[in-house]
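Undergrad: Give me the fold of what follows.
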Amino acid sequence: MRERVEQLDGLRGIFALLVVAHHHNAFKNSILYNNFFVINSSLFVDFFFVLSGFVIAMNYIGKLSTGQDFFQFIKKRFFRLYPLLFYSEIVFLIANLTGEHSVLKNSSNLGLSYYFLTALDTLTFMGSTPVLGGWIGLNYPAWSISSEMISYVFFGLILLFIPKQKNLAFLAIILFAGIFIIDRDEYLLTYDYGFIRGLLCFCIGIFTFEIIKNRNLELSFLEIPYLILLVSMMYLVHHYQLNVWKLVFPFIFSAGIFVFCNSTGFVTKMLSNRLFQYLGRISYSIYLNHAIVLIFVNIILFRMLKSPQTEWMIGFSLFISIAITIIYSHFTYEWIEKRFGQFLKKTF
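TA: Sure, this is the predicted structure:
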């Protein structure tokens with residue numbers, strides 16, 4: 001199997017933009033937010049986790065057998081995640097500190113200790129755990145990067161110490177995580193136990209690769225039925241308020257990976273075009289940059305310029321936020337993700 005599957009990168013790009021729409025929630029009564037699809041678009045974070053487990057398994061299963069292998073794996077993943085995580089958190093910290101005594105102020109007085117503790121929580125990859133407290137991070141989507149890094153560590157340690165029992169260990173993590181979520185009666189874990197949600201999805205992604213790797217099928221006929229299933233399930237869990245039933249979505253995303261890895265249909269071809277490939281390429285930057293853009297656009301439009309809070313203006317706010325996020329993310333991808341990441345690799 002190829003090291004990358006183009007159509008999955010395209011899905012990652014689209015889902016990153018849908019997460020932006022979900023976080024454009026300052027006006028909760030707007031039809032642009034108050035609908036089952038956008039409200040539940042936070043679930044696409046779970047697609048990122050499942051896809052990450054799939055891609056990591058595709059590239060590293062059978063290749064981590066020594067302590068040096070593990071160290072190189074973690075170092076490579078750290079250099080991939082940390083430059084943009086650090087940059088975006090510092091941008092948020094500066095914005096909060098400078099906004100404390102200006103029109104840019106976006107919340108009640110939280111105090112210096114809160115700002116620095118939440119920044120420390122994020123920058124130590126603890127933002128999805130209760131180790132330093134269940135803080136809502138300054139760059140609030142960054143909790144999932146903590147979960148991602150923790151998943152890498154679990155994956156590497158399991159392959160290093162119990163390679164023959166790896167599938168049993170990954171299955172045990174899925175079962176434990178599922179029981180934990182059901183016991184808490186809450187699927188959308190984030191700032192306190194989000195790493196458990198991430199591990200669940202990541203391990204499902206690993207098994208997705210194990211199922212797919214030796215199969216060559218033609219499933220183009222399932223593209224549209226799959227998308228209908230995905231949207232229908234989003235409607236059902238919303239309409240009937242089935243919170244814990246959201247546990248099915250990692251498996252639905254796994255099925256989506258299975259379908260699109262074995263498809264050559266219209267949707268697959270669309271996802272493989274240059275636009276969606278570009279969005280997939282910069283999706284990590286889109287994900288970590290969009291919150292600051294959303295905040296600033298809304299402050300400028302509705303607080304400083306005192307624009308009317310009409311559906312048209314709220315729609316314009318979302319459109320301009322997405323456009324600015326994409327442009328901004330192009331530059332952070334080129335200069336922070338790529339160039340600074342390459343500098344770290346060469347230096348260390």
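
Undergrad: Rounded mean pLDDT for stretch 56-64, please.
TA: What stretch 56-64 shows for mean pLDDT is 94.

Undergrad: Where does pLDDT dip in this structure?
TA: 1-4, 100-110 (pLDDT under 70).

Undergrad: Over to residue 114: give its phi and psi.
TA: Main-chain torsions, residue 114, degrees, to the nearest 10: phi -60, psi -50.

Undergrad: how about the nearest residue to it, chain neighbours excluded?
TA: With Cβ to Cβ, 6 or more residues apart in numbering as the criterion, residue 114 has its nearest non-adjacent residue at 7.6 Å, and that residue is residue 135. For glycine as for every other residue, the C-beta is placed from the backbone atoms N, C-alpha and C.

Undergrad: is it true that the one you found touches residue 119?
TA: No: using Cβ atoms under 8 Å, residue 135 is not in contact with residue 119, being 9.4 Å away.

Undergrad: and residue 152, helix, strand or coil?
TA: Per DSSP: H, G, I helix; E, B strand; the rest coil, the local secondary structure of residue 152 is helix.

Undergrad: tell me the contacts of it?
TA: Listed by Cβ atoms under 8 Å, 6 or more residues apart in numbering, the contact set of residue 152 reads 56, 73-74, 77.

Undergrad: hmm, 6 Å instead?
TA: residue 77 (Cβ atoms under 6 Å, 6 or more residues apart in numbering).

Undergrad: ok, the residue lying closest to residue 142 once chain neighbours are set aside - how many residues close by?
TA: Take residue 142 and drop its neighbours on the chain: the residue closest to it by Cβ to Cβ, 6+ apart is residue 122, 5.0 Å away. If you count neighbours by other Cβ atoms under 10 Å, residue 122 ends up with 27.

Undergrad: ok, the closest residue to residue 153 other than its chain neighbours - how many residues close by?
TA: Excluding the flanking residues, the one nearest residue 153 by Cβ to Cβ, 6+ apart is residue 74, at 6.8 Å. Neighbourhood size, residue 74 [other Cβ under 10 Å]: 17.

Undergrad: Buried residues of the helix or strand encompassing residue 74, list them for me.
TA: Using DSSP states H and E, residue 74 sits within helix 67-99. By neighbour count on 16 or more other Cβ atoms under 10 Å, the buried set for helix 67-99 is 70, 73-74, 77-85, 87-89, 91-93, 95-96, 99.

Undergrad: what's it packed up against?
TA: With contacts defined as 3 or more Cβ pairs under 6 Å, 6 or more residues apart in numbering; DSSP states H and E, helix 67-99 has these neighbours: helix 112-123, helix 143-161, helix 283-298, helix 341-347.

Undergrad: Try it again at 8 Å.
TA: Judged by 3 or more Cβ pairs under 8 Å, 6 or more residues apart in numbering; DSSP states H and E, helix 67-99 is in contact with helix 112-123, helix 143-161, helix 283-298, helix 311-332, helix 341-347.

Undergrad: nearest to residue 204, of these?
TA: Residue 204 sits nearest to helix 143-161 of all the helices and strands packed on helix 67-99, at 11.2 Å, using Cβ to Cβ.

Undergrad: Could you list the buried residues of the closest one?
TA: The neighbour-count check on helix 143-161 (16+ other Cβ under 10 Å) flags 143-152, 154-156, 158-160 as buried.

Undergrad: Alpha carbons only: can I get that helix in PDB?
TA: What follows is helix 143-161, C-alpha atoms only, in PDB (Å, rounded to 0.1, in the frame of the first residue of the first chain):
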ATOM      1  CA  TRP A 143      -6.100  19.600  23.100                       C
ATOM      2  CA  SER A 144      -6.300  17.100  20.300                       C
ATOM      3  CA  ILE A 145      -2.600  17.500  19.500                       C
ATOM      4  CA  SER A 146      -1.900  16.400  23.100                       C
ATOM      5  CA  SER A 147      -4.000  13.300  22.500                       C
ATOM      6  CA  GLU A 148      -2.200  12.700  19.200                       C
ATOM      7  CA  MET A 149       1.200  12.700  20.800                       C
ATOM      8  CA  ILE A 150       0.100  10.500  23.700                       C
ATOM      9  CA  SER A 151      -1.200   8.000  21.100                       C
ATOM     10  CA  TYR A 152       2.200   8.000  19.300                       C
ATOM     11  CA  VAL A 153       3.900   7.100  22.700                       C
ATOM     12  CA  PHE A 154       1.500   4.300  23.400                       C
ATOM     13  CA  PHE A 155       1.900   2.900  19.900                       C
ATOM     14  CA  GLY A 156       5.700   3.000  20.000                       C
ATOM     15  CA  LEU A 157       5.900   1.500  23.500                       C
ATOM     16  CA  ILE A 158       3.600  -1.400  22.500                       C
ATOM     17  CA  LEU A 159       5.600  -2.200  19.400                       C
ATOM     18  CA  LEU A 160       8.800  -2.000  21.400                       C
ATOM     19  CA  PHE A 161       7.900  -4.100  24.400                       C
END
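
Undergrad: Now find how far off-centre that helix is within its chain.
TA: 15 Å (Cα atoms, centre = their mean, to the nearest Å).

Undergrad: Please apply the same query to stretch 28-44.
TA: 17 Å.

Undergrad: Next, the buried residues of that stretch.
TA: Going by 16+ other Cβ under 10 Å, stretch 28-44 has these buried residues: 30, 32-33, 38-44.
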